[in-house]
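K.L.:
pasting the structure only:
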């Protein structure tokens, strides 16, 4: 019998001061059986960092041909393609050709090594690459509950995240 995803409900009060974007996001996140809480929360932070009307989670790990997050046009063209993790240069090339805007958010302890091995190939592509701080993502993952209310305030190169009983600042840096 196949394992089913674990469902999480997040209500996020988002204030992105960098882009003057303010919204209340009601997100249902399906955590794939092979997905860690850290990756799920990195997806959540990538969603907040890229938030705009119509942005949505895809089937993610269940459908390898799709990104983790996307924005589709009314004509069903991919406007924004967001991958979380360490995709291959070939996948990033596909993303940059398939979407108007391609983004990658890397987050784990091996991100620096992945970037050193990938940077030369990626520099030729029209893709944005961001790196979340691994320790901060790990701490954020320790806050997870099946139903959560979060406040996320983005300013400069970080997001201040608060819940009922926890708070953390998540930093990122632009690699490309």
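P.N.:
Nice, thanks for sending it over. Because the structure is predicted, anything quoted here is derived from the model rather than measured.
K.L.:
Strands of this protein, start to end?
P.N.:
Secondary structure of the chain (DSSP state E): strands located at 6-16, 21-31, 56-57, 69-72, 78-84, 99-106, 128-132, 147-155, 158-162, 167-174.
K.L.:
okay, the ones you listed in TSV with mean pLDDT, distance to residue 138 and mean neighbour count next?
P.N.:
Quick note: C-beta positions are derived from backbone N, CA and C, even for glycine. Shown next, in TSV, are the strands of the chain (pLDDT from 0 to 100; distance: least, Cβ to Cβ, whole Å; neighbours: other Cβ atoms under 10 Å):
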stretch	mean pLDDT	distance to residue 138	mean neighbour count
strand 6-16	96	17	16
strand 21-31	95	16	14
strand 56-57	94	21	14
strand 69-72	95	21	20
strand 78-84	96	15	22
strand 99-106	96	14	22
strand 128-132	96	10	21
strand 147-155	97	17	16
strand 158-162	97	13	19
strand 167-174	96	10	16
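K.L.:
Out of those, which gets nearest to residue 38?
P.N.:
strand 128-132 (9.5 Å; Cβ to Cβ).
K.L.:
partners of that closest one in the sheet?
P.N.:
Next to strand 128-132 in the sheet, as set by DSSP bridges, lie strand 99-106 (parallel), strand 167-174 (antiparallel).
K.L.:
which outside residues touch that strand?
P.N.:
Identification of contacts with strand 128-132 by Cβ atoms under 8 Å, 6 or more residues apart in numbering yields 42, 45-46, 49, 101-107, 111, 115, 122, 170-176.
K.L.:
gap between residue 80 and residue 22?
P.N.:
19 Å (Cβ to Cβ, to the nearest Å).
K.L.:
now residue 167
P.N.:
Between residue 167 and residue 22 the computed distance is 20 Å (Cβ to Cβ).
K.L.:
Residue 18: how many residues sit nearby?
P.N.:
Neighbour count for residue 18, taken as other Cβ atoms under 10 Å: 10.
K.L.:
what is the mean pLDDT for whichever helix in the chain runs longest?
P.N.:
In the chain, taking DSSP state H as the definition, the longest helix is helix 37-50. Averaged over helix 37-50, pLDDT sits at 96.
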